[in-house]
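J.: Pasting a predicted model and its sequence here:
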Amino acid sequence: MMKVAYIKYGMLLVGLLFLSLNGIAQTETEPELPVKVHHIEPLFIDLVRDLGARKGEKELNLGADFANTSTFSQFDVLAEYEFAPIHRLGLEFEVGFSFFDGYGDNKNIPKNKMEALKLSAQYSFYVSPKHKTTLALGYAQIFELTDFSSYDSSLFVKEIVYSPFFIAAKGLGQQLHALIFTGPLFKHELGTDVTHVDWQLNTSFHYEIPNTSHFLGIEFNKEWIHGELEMTMRPQAKLQINEDLALGIVTGFPITKSEEKFSSFFRVIYEL
């Protein structure tokens, strides 16, 4: 009987030792992730990466935009790849193409082109679950390109845009979210000494449907271009297809007087 008891006690001690070592191993191989506040990311002026990004996060976006003006229609497509190499830091590569179709015999229609190459970085320097708030700083380097037909006769890169920006996001209760994205746009036309500064201020408000990842919201995209305000209101919705795939739908209505009329934008979001 004594031997049986010793065997039982021995097995119990071995089991406890195994569990302890297993817990230590998990602690060493699975370090605690940094805190992250859940915010809604706007669909049109999207962020480089989720605010409070965690190392290893990756996402692929495909987008299509259709807009009408008084003289032509414009169709844009874009592809974005974003990832977080370390905690709190997001990086993004984006390329876009623009195609135009004029009305009648109008000769001032823009020509088809690869619109731009964009390289961006964003760092969340303040994350507060207590206040449901995240603050971030970022920078985007944008290379505006010439049209396809001018590749052999002009500069490939027509303009370089330097775009530092600031983001503030806050949860308003359980389902409501607000976000501000703002910063200057320093635009330099290559081959000239012309440089001017525009400003952007984008505000968004979203309502997340309870117990889902779907949301409804609105963006107000505002730009001061050569001192004149241009503002577009963009109602939007996101449908979460599954854990990794989502579809975003945006409509655009110019508020200030603008050449652009009604527009629509679609975004396919895939978490890798």
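T.: Great, that's in hand. These numbers were taken from a predicted model, which means no experiment stands behind them. Numbering: from 1, shown residues only.
J.: now the helices for this structure?
T.: Under the criterion DSSP state H, the chain carries helices at the ranges 2-29.
J.: now L190, nearest residue through space, not along the chain?
T.: L155 (5.4 Å; CB to CB, 6 or more residues apart in numbering). Any C-beta I mention is one placed from the backbone N, CA and C, and that applies to glycine too.
J.: residues in contact with that neighbour?
T.: Counting by CB atoms under 8 Å, 6 or more residues apart in numbering, L155 makes contact with T146, L190, G191.
J.: Contact partners for the closest residue to V157 other than its chain neighbours?
T.: Distance criterion CB to CB, 6+ apart; nearest residue to V157, sequence neighbours excluded, is F143 at 5.0 Å. Going by CB under 8 Å, 6+ apart, F143 touches A116, L117, K118, V157, E159, I160, V161.
J.: and F143, what are its bridge partners?
T.: The partner list for F143 in beta bridges (DSSP bridges) reads L117, I160.
J.: Which pLDDT value belongs to it?
T.: pLDDT recorded at F143 is 96.
J.: returning to what we had before: could you turn the buried ones of the contacts of L155 into a PyMOL selection?
T.: Per 16 or more other CB atoms under 10 Å, the buried members of these correspond to this PyMOL selection:
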select buried, resi 146
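J.: Quick check: of the contacts of L155, which lies closest to Q236?
T.: Q236 has its nearest neighbour among these in T146, at 31.7 Å by CB to CB.
J.: so P184 makes contact with W199?
T.: Yes - between P184 and W199 there is a contact under CB atoms under 8 Å: 5.5 Å.
J.: any idea how far N108 is from V127?
T.: N108 sits 48 Å away from V127, going by CB to CB, to the nearest Å.
J.: what domains does the record give for this protein?
T.: 1-32, 39-271 (automatic domain parsing).
J.: ok, F186 - how many residues close by?
T.: Here the number of neighbours of F186 (other CB atoms under 10 Å) works out to 14.
J.: Next up, the contacts around the nearest residue to it once chain neighbours are set aside.
T.: In space, not counting the residues next to it along the chain, F186 is nearest to Y162; the distance is 4.2 Å by CB to CB, 6+ apart. Y162 makes contact with Y139, Q141, L185, F186, H188, according to CB under 8 Å, 6+ apart.
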